[in-house]
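Q: structure for this input, please:
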Amino acid sequence: MPKHSETRHLPYTPEQMFDMVADVKRYPEFLPWVSAMRVRQDSDTATLADMIVGFKGLRETFTSKVEKTRAETIHVEYVDGPLKYLHNDWRFRPEAGGCAVDFAVDFQFKNRMFEMLAGQVFGVALRRMIGAFEDRAKVLYGSSSSSATSAA
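A: The predicted model follows:
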């Protein structure tokens with residue numbers, strides 16, 4: 001059962017980070033292993049989407065409901081796919097020069113082979129995905145702390 005939580009301090013506003021994370025339809029543009037995203041329903045408070053992930057010849061579709069509280073939290077609720085469960089939460093807190101982003105993920109695959117494979121590459125995959133979100137923020141908002149003050 002891979003599980004991870006951490007806090008990153010970034011030079012962007014909570015609104016900027018919230019908007020980027022909530023924009024799930026753009027994930028295939030920057031997240032590794034995400035080959036497609038189909039948004040079934042979208043509103044200011046919730047998104048229902050299918051994410052197609054491919055890794056080393058494996059291809060799976062995950063359906064999730066993304067619950068959004070504007071500029072504060074994003075909670076991902078697992079709906080269907082190869083997992084037993086998924087708990088994923090993002091929290092965006094203002095701080096001097098930007099914001100703190102609290103990230104937590106906990107999941108388990110239904111298939112023991114997938115679970116073993118995930119356990120072997122979980123740390124590396126997680127670092128690449130977190131790095132991809134940070135790189136995306138730099139592309140969208142710039143790389144200096146002036147991004148947080150000018151966009152507020």
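Q: any idea how far D50 lies from G81?
A: Distance, D50 to G81, using Cβ to Cβ, to the nearest Å: 8 Å. Using the backbone N, CA and C atoms, a C-beta is placed for each residue, glycine as well.
Q: shared neighbours of the two, anything?
A: Here D50 and G81 have 61-63 as joint contacts, going by Cβ atoms under 8 Å, 6 or more residues apart in numbering.
Q: need the residues you listed in a markdown table (columns: pLDDT, secondary structure and neighbour count).
A: Formatted as a markdown table, the shared contacts of D50 and G81 follow (pLDDT from 0 to 100; DSSP: H, G, I helix; E, B strand; the rest coil; neighbours: other Cβ atoms under 10 Å):
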| residue | pLDDT | secondary structure | neighbour count |
| --- | --- | --- | --- |
| T61 | 96 | strand | 13 |
| F62 | 95 | strand | 19 |
| T63 | 98 | strand | 14 |
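Q: the spatially most central residue of the chain: what secondary structure?
A: In the chain, the centroid-proximal residue (Cα atoms, centre = their mean) is V21; its distance is 5.9 Å. Three-state assignment for V21 (DSSP: H, G, I helix; E, B strand; the rest coil): helix.
Q: list the contacts of it.
A: Taking Cβ under 8 Å, 6+ apart as the test, what V21 contacts is 74, 90, 133.
Q: now with 10 Å, please.
A: Going by Cβ atoms under 10 Å, 6 or more residues apart in numbering, V21 touches 27, 66, 68, 74, 76, 90, 92, 101, 103, 133, 136-137.
Q: list just the nearest of these to H9.
A: For the contacts of V21, the minimum distance to H9 (Cβ to Cβ) is 7.9 Å, reached by V101.
Q: is it true that the closest one touches F92?
A: Yes - judged on Cβ atoms under 10 Å, V101 makes contact with F92 at a distance of 5.9 Å.
Q: mind listing the shared neighbours of the two?
A: Contact criterion Cβ under 10 Å, 6+ apart; residues shared by V101 and F92: 10, 12, 14, 17-18, 21.
Q: helices - which of those residues land there?
A: Applying DSSP state H to the shared contacts of V101 and F92, the entries found in helices are 14, 17-18, 21.
Q: closest to S5 out of the residues you listed?
A: Within those, distances to S5 taken as Cβ to Cβ reach their minimum at V21, with 15.4 Å.
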